[in-house]
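> Need the 3D shape of this:
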Amino acid sequence: MRPTPILAVLVLGLATAACGSDDNASGNGNGPTGDATRTIEIEMQDNEYIPDTIDVADGETVRLVFTNTGTATHDAYIGDEGAQDDHESEMNGDDGGHHMGDDDALTVEPGDTAELTHPFDASDDVLIGCHEPGHYDSGMRLIVDVT
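All right, here's what the predicted structure looks like:
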């Protein structure tokens with residue numbers, strides 16, 4: 001009997017289970033991950049998103065996968081300029097403001113990955129901003145062009 005193939009399958013299964021992502025990666029946002037028609041990968045580095053602009057179609061639901069390759073904690077908040085300003089104020093408030101129950105926001109620690117699923121509408125003027133202290137003010141924004 002050759003135990004090598006069985007052992008290889010067990011090791012592969014354990015490795016796959018160990019590579020799971022954090023709790024934020026379970027499809028947060030306005031719809032479950034299964035509703036998404038497309039996935040866009042976004043890298044979070046020290047005070048920038050890469051890319052800093054994305055194009056989505058009117059009515060498209062997109063799965064946004066954020067990977068923090070920087071050394072600082074980053075977040076992502078989806079909303080128009082007014083919502084971004086309000087969220088910036090909340091994040092700098094006494095309560096710490098870390099996305100209390102907000103479906104369009106997440107926080108990603110260095111080395112982690114998380115995702116949001118969001119439906120986009122052409123009437124929306126949408127940005128994604130990082131509201132960790134000083135990040136939004138220094139320009140950590142991603143423009144979403146909905147056409």
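> Stretch 63-73: which residues count as buried?
For stretch 63-73, a neighbour-count test (16 or more other C-beta atoms under 10 Å) marks 63-68, 70, 72-73 as buried. From N, CA and C alone the C-beta is placed, and that goes for glycine too.
> And it, how far out from the chain middle?
Here stretch 63-73 is found 7 Å from its chain centre; the criterion is C-alpha atoms, centre = their mean, to the nearest Å.
> residues making contact with it?
If you take C-beta atoms under 8 Å, 6 or more residues apart in numbering as the criterion, stretch 63-73 is touched by 25, 27, 29, 33, 36, 38-47, 74, 76, 106-118, 128, 132, 135.
> got the CA coordinates for that stretch in PDB?
Output in PDB follows, covering the C-alpha atoms of stretch 63-73 (Å, rounded to 0.1, in the frame of the first residue of the first chain):
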ATOM      1  CA  ARG A  63     -16.700  42.200  -5.900                       C
ATOM      2  CA  LEU A  64     -13.900  44.400  -4.700                       C
ATOM      3  CA  VAL A  65     -11.000  42.500  -3.200                       C
ATOM      4  CA  PHE A  66      -8.700  44.600  -1.100                       C
ATOM      5  CA  THR A  67      -5.200  43.300  -0.200                       C
ATOM      6  CA  ASN A  68      -3.100  45.400   2.200                       C
ATOM      7  CA  THR A  69       0.500  45.100   1.100                       C
ATOM      8  CA  GLY A  70       1.500  48.100   3.200                       C
ATOM      9  CA  THR A  71       2.700  48.400   6.800                       C
ATOM     10  CA  ALA A  72      -0.200  50.400   8.200                       C
ATOM     11  CA  THR A  73      -3.900  49.400   8.800                       C
END
